[in-house]
Structure formats: C-alpha cells, structure tokens
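A.B. asks: for reference, the sequence and a predicted model appear below.
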Amino acid sequence: MEEKYGHYNDDTEKKNRLGMNVVFGMIMIAIYLGMAYLLLFTSLFSNLYDIVRYIMGGVFAVYGVFRGYRLFVGMK
C-alpha cells in the first residue's frame, strides 16, 4: 500500500485553480472594456487630448477583446 503525502486530489486542485483563473480573467476583461468605455464615451477623462483618449480607448478595447478570446479558447 502506497501512502501519498501532501495533495491527495491533484485533479480537484487543478480545477479550482482553473476556476479562479477564469474568474480573474473575466474581472480583468471587464476592467479593460470598462476603461475603454470610459475613455471613448464619457467626459471623465476630458483633460486628455481627444486623440490620446481615442487611441488609449481603442487599445483597451482591442486588448479586452483579445483577452476574452484567449480566455474562451483556453477554457476548451
């Protein structure tokens, strides 16, 4: 009879870690897309030049969509 010390259910730990990564990924996607919305469609950052706001908003939006795609593909 072989005794295992430490982690008994490695699969459960991997699933929990994967679940936490998915939740963290979704939160980060919401933050990126939220920043893109704030930069592009509100006057919250009106002290920045318009071109800077649009470029930064576009970068945040593209990166948020990219992270969403990577999260979706990584869940399969």
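C.D. replies: That came through, no problem.
A.B. asks: can you give me the helices for the chain?
C.D. replies: Assigned by DSSP state H, the chain shows helices spanning 10-41, 50-75.
A.B. asks: the shortest one to helix 10-41, inter-axis angle?
C.D. replies: Pointing back at helix 50-75 there. Calculated by axes from the mean of the first three to the mean of the last three Cα atoms, to 10 degrees, helix 50-75 forms an angle of 160 degrees with helix 10-41.
A.B. asks: shaky segments in this structure?
C.D. replies: Where the chain drops to pLDDT under 70, the residues are 1-15.
A.B. asks: what is the burial count for residue 67?
C.D. replies: Look at residue 67: counted by other Cβ atoms under 10 Å, it has 17 neighbours. Where you see a C-beta, it was placed from the backbone N, CA and C, and this is true even at glycine.
A.B. asks: ok, now which ones touch it?
C.D. replies: 25, 28-29, 32 (Cβ atoms under 8 Å, 6 or more residues apart in numbering).
A.B. asks: can you tell me which of those are buried?
C.D. replies: 25, 29, 32 (16 or more other Cβ atoms under 10 Å).
A.B. asks: just to revisit the earlier point, okay if I get the contacts of residue 67 as JSON lines plus distance to residue 41?
C.D. replies: Listed next are the contacts of residue 67 as JSON lines, based on distance: Cβ to Cβ, whole Å:
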{"residue": "25", "distance to residue 41": "24"}
{"residue": "28", "distance to residue 41": "20"}
{"residue": "29", "distance to residue 41": "18"}
{"residue": "32", "distance to residue 41": "15"}
